[in-house]
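Colleague: Got a predicted structure plus its sequence, pasted below:
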Amino acid sequence: MRVAIIGTGYVGLTTGVCLGFLGHSVSCLDTDESKVKALRAGRIPIFEPNLEELLEEATPNLNFTGNYAEAIPGAEVVFIAVGTPPTPSGAPNLEYLSQAARCVGQHMNSEFTVVVNKSTVPIGSGNWVESLLRDAGEHRTDGSTPDFAVASNPEFLREGTALHDSLYPDRIVIGADEPRALEVLYTLYRPILDQTFTAPTYLPRPETAMAVPLLSTDLASAELIKYAANAFLALKISFINEIGLLAERVGANIAEVGRGIGLDSRIGPRFLSAGIGWGGSCFGKDTAALIATAGEYGLHLPIVEAARKVNTRQRDRVVEKLLQELKILKGRTIGLLGLAFKPNTDDLREAPAIEIAQKLIDRGVRVKAHDPIAQDRFDREHGAMGVHLCNSACEVAEGCDALVLVTEWNDYRDLEWELVAKKMRNPFVLDGRHALDREKLTRAGLRYMTIS
Ligand code: UGA
């Protein structure tokens with residue numbers, strides 16, 4: 001099928017590359033010329049495992065452009081996957097979305113086109129995009145009337161495992177009020193739904209993979225599913241962090257408590273890792289947007305609000321733990337292992353490391369840090385904070401009064417802990433992710449503590 005994708009961020013680019021790999025003919029459009037140029041040359045502006053390899057395989061089916069007139073006419077499906085960054089009120093900024101919708105409306109031809117919202121948009125946006133498309137269609141210079149339907153197809157991929165999540169999803173949700181739109185998207189996704197494509201060697205199909213369920217809903221339900229899924233995941237993490245606080249007081253082990261409750265199939269084991277809490281561009285933005293939407297209807301969402309508060313508290317607990325160990329923070333040197341908001345990405349948006357570093361700097365601490373991938377980006381985007389970046393975890397340890405594991409990169413699990421202990425002024429490690437081996441570190445002469 002002929003597909004156009006507006007926006008080449010995480011969602012747009014991953015979707016485009018996956019659909020191209022499946023054999024569809026895909027035009028990826030971005031208004032940022034430098035991005036288009038880089039992509040045409042096979043250079044990827046984000047760090048995402050295996051994206052480069054899959055892009056290479058999909059290249060014959062991919063076209064990168066900055067031109068709507070090139071991408072839109074003749075496309076059977078147009079995905080809008082532009083950013084919806086938060087505004088100070090918590091409501092998302094819809095400027096890019098409206099701009100994209102207007103441009104698509106001006107360039108669609110008279111063949112039936114399904115315009116799909118893949119950006120995370122407030123409930124009701126489907127109808128709004130439809131009205132923008134119609135308005136734009138009425139002002140076309142050639143006088144033709146576009147034939148289109150709007151659908152919502154929320155994205156559930158995680159950064160760091162974006163391709164795996166796209167090719168082997170738990171479900172595909174399609175919200176559409178018009179049956180023709182559902183039919184077109186069913187055909188588009190059929191290789192994924194039926195799992196009939198040949199899996200790339202570097203992204204093998206999980207042994208448990210089966211046909212993927214397709215959930216067909218109305219527009220508003222699909223839009224709400226996206227927010228409710230992210231809010232639920234965020235509150236699952238905050239729940240285990242809240243129980244972690246109590247576990248610490250009563251002398252229980254929160255990792256074991258998490259495992260114990262997660263084995264109940266009604267609860268499930270994932271997203272129950274306690275620690276410094278969630279970061280990234282999605283959970284914070286989407287829980288704020290959900291609360292803002294509820295506010296428009298005069299509603300409070302106390303559970304979602306509490307999940308956000310608990311998450312903020314986890315960052316403060318890092319400072320509390322360090323105070324407990326070091327008594328005085330002023331003049332100390334503290335090292336952070338990991339800067340990205342999670343492993344396998346260089347994304348620093350709402351990364352806990354930034355908040356923690358700032359809290360420590362405000363208290364007069366000299367902060368050192370290392371990240372295997374996100375370091376250069378940190379230097380570019382947050383260089384002014386004054387964090388001293390090091391080339392290795394061992395270099396961070398040199399002269400430190402404490403090390404904090406912020407991002408659980410695999411590289412940090414097997415450090416030469418004896419060497420780390422020797423280099424530190426005070427051999428103390430605060431494991432913010434329950435990722436390190438307590439016994440190993442203790443044997444190496446380090447005092448080991450976790451958050452909760
Ligand atoms: C999240 C959702 O998981 C995706 O389904 C969704 O598509 C995406 O947001 C989005 O809306 O775009 P992502 O933010 O990429 O994906 O990363 P996650 O793996 O969900 O991790 C989010 C944060 O939670 C990270 O900081 C991670 O360290 C933290 N986390 C995760 C925990 O603290 N504990 C856990 O048990 C799991």
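Modeller: Sure thing, it's come through.
Colleague: Where does the prediction get shaky in this protein?
Modeller: Applying pLDDT under 70 to the chain picks out residues 141.
Colleague: Got the domain ranges for it?
Modeller: 2-217, 226-308, 314-450 (automatic domain parsing).
Colleague: Make TSV out of these and add distance to the ligand.
Modeller: Placement of C-beta: from N, CA and C, glycine included. Putting those into TSV (distance: least, C-beta to the nearest ligand atom, whole Å) gives the following:
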stretch	distance to the ligand
domain 2-217	4
domain 226-308	3
domain 314-450	4
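Colleague: Need those in JSON lines (columns: mean neighbour count).
Modeller: Output for the domains of the chain, formatted as JSON lines (neighbours: other C-beta atoms under 10 Å):
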{"stretch": "domain 2-217", "mean neighbour count": "18"}
{"stretch": "domain 226-308", "mean neighbour count": "17"}
{"stretch": "domain 314-450", "mean neighbour count": "19"}
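Colleague: Which elements pack onto the lengthiest helix in the chain?
Modeller: Counting residues, the longest helix found in the chain (DSSP state H) is helix 219-250. Helices and strands touching helix 219-250, by 3 or more C-beta pairs under 8 Å, 6 or more residues apart in numbering; DSSP states H and E, are helix 125-138, strand 148-152, strand 172-176, helix 254-262, helix 283-296, helix 302-326.
Colleague: Could you rerun that using 6 Å?
Modeller: Counting contacts by 3 or more C-beta pairs under 6 Å, 6 or more residues apart in numbering; DSSP states H and E, helix 219-250 packs against strand 148-152, strand 172-176, helix 254-262, helix 283-296, helix 302-326.
Colleague: what are the ranges of the strands in this structure?
Modeller: For the chain, the strands defined by DSSP state E cover 2-6, 25-29, 62-65, 77-80, 113-117, 148-152, 172-176, 214-217, 333-337, 366-370, 388-389, 402-405, 428-431, 447-450.
Colleague: Tell me which residue lies farthest from the centre of the chain.
Modeller: Gly143 (41.6 Å; C-alpha atoms, centre = their mean).
Colleague: sorry, back to before: would you turn the strands of the chain into JSON lines with distance to Leu326?
Modeller: Listed next are the strands of the chain as JSON lines, based on distance: least, C-beta to C-beta, whole Å:
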{"stretch": "strand 2-6", "distance to Leu326": "50"}
{"stretch": "strand 25-29", "distance to Leu326": "50"}
{"stretch": "strand 62-65", "distance to Leu326": "51"}
{"stretch": "strand 77-80", "distance to Leu326": "50"}
{"stretch": "strand 113-117", "distance to Leu326": "49"}
{"stretch": "strand 148-152", "distance to Leu326": "50"}
{"stretch": "strand 172-176", "distance to Leu326": "48"}
{"stretch": "strand 214-217", "distance to Leu326": "51"}
{"stretch": "strand 333-337", "distance to Leu326": "8"}
{"stretch": "strand 366-370", "distance to Leu326": "13"}
{"stretch": "strand 388-389", "distance to Leu326": "18"}
{"stretch": "strand 402-405", "distance to Leu326": "6"}
{"stretch": "strand 428-431", "distance to Leu326": "8"}
{"stretch": "strand 447-450", "distance to Leu326": "11"}
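Colleague: Of those, which is nearest Ile240?
Modeller: Ile240 lies closest to strand 447-450 among the strands of the chain, at 12.6 Å (C-beta to C-beta).
Colleague: who touches that closest one?
Modeller: Strand 447-450 is contacted from outside by 428-431, 434, 438, 441-442, using C-beta atoms under 6 Å, 6 or more residues apart in numbering.
Colleague: From the residues you listed, pick the one nearest Thr201.
Modeller: Distances from Thr201 to those, taken by C-beta to C-beta, are shortest for His434, at 32.6 Å.
Colleague: so what's Glu248 up against?
Modeller: Ser452 are the contacts of Glu248 under C-beta under 6 Å, 6+ apart.
Colleague: er, Ile192 actually
Modeller: Val212.
Colleague: Now with 8 Å, please.
Modeller: 22, 166-167, 169, 172, 212 (C-beta atoms under 8 Å, 6 or more residues apart in numbering).
Colleague: and the residue nearest to Ala294 when sequence neighbours are not counted, what is it in contact with?
Modeller: Using C-beta to C-beta, 6 or more residues apart in numbering and skipping the chain neighbours, the partner closest in space to Ala294 is Leu301 (4.9 Å). Contacts for Leu301 (C-beta under 8 Å, 6+ apart) come out as 231, 290-291, 294.
Colleague: From the chain's centre, how far out is stretch 229-241? Work that out for me.
Modeller: With C-alpha atoms, centre = their mean, to the nearest Å as the basis, stretch 229-241 stands 15 Å off its chain's centre.
Colleague: Now it - C-alpha only, CSV.
Modeller: Extracted C-alpha coordinates of stretch 229-241, given in CSV (Å, rounded to 0.1, in the frame of the first residue of the first chain):
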residue,chain,number,x,y,z
ALA,A,229,-2.5,2.6,29.3
ASN,A,230,0.3,5.1,30.1
ALA,A,231,-1.4,6.3,33.3
PHE,A,232,-1.9,2.7,34.5
LEU,A,233,1.8,1.8,33.8
ALA,A,234,2.9,5.0,35.6
LEU,A,235,0.7,4.2,38.6
LYS,A,236,1.9,0.6,38.7
ILE,A,237,5.4,1.9,39.1
SER,A,238,4.4,4.5,41.7
PHE,A,239,2.4,1.8,43.6
ILE,A,240,5.5,-0.4,44.0
ASN,A,241,7.5,2.7,45.0
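Colleague: one step back: could you tell me which of the contacts of Ile192 are located in helices?
Modeller: If you go by DSSP H, these have 166-167 in helices.
Colleague: what's the closest non-adjacent residue to Glu223?
Modeller: Ile123 (4.6 Å).
Colleague: Quick check: the gap between the one you found and Leu133.
Modeller: For Ile123, the distance to Leu133 (C-beta to C-beta, to the nearest Å) stands at 18 Å.
Colleague: coming back round to it: can I get the contacts of Leu301 in a markdown table with distance to Arg363?
Modeller: Below are the contacts of Leu301 laid out as a markdown table (distance: C-beta to C-beta, whole Å):
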| residue | distance to Arg363 |
| --- | --- |
| Ala231 | 32 |
| Leu290 | 33 |
| Ile291 | 31 |
| Ala294 | 36 |
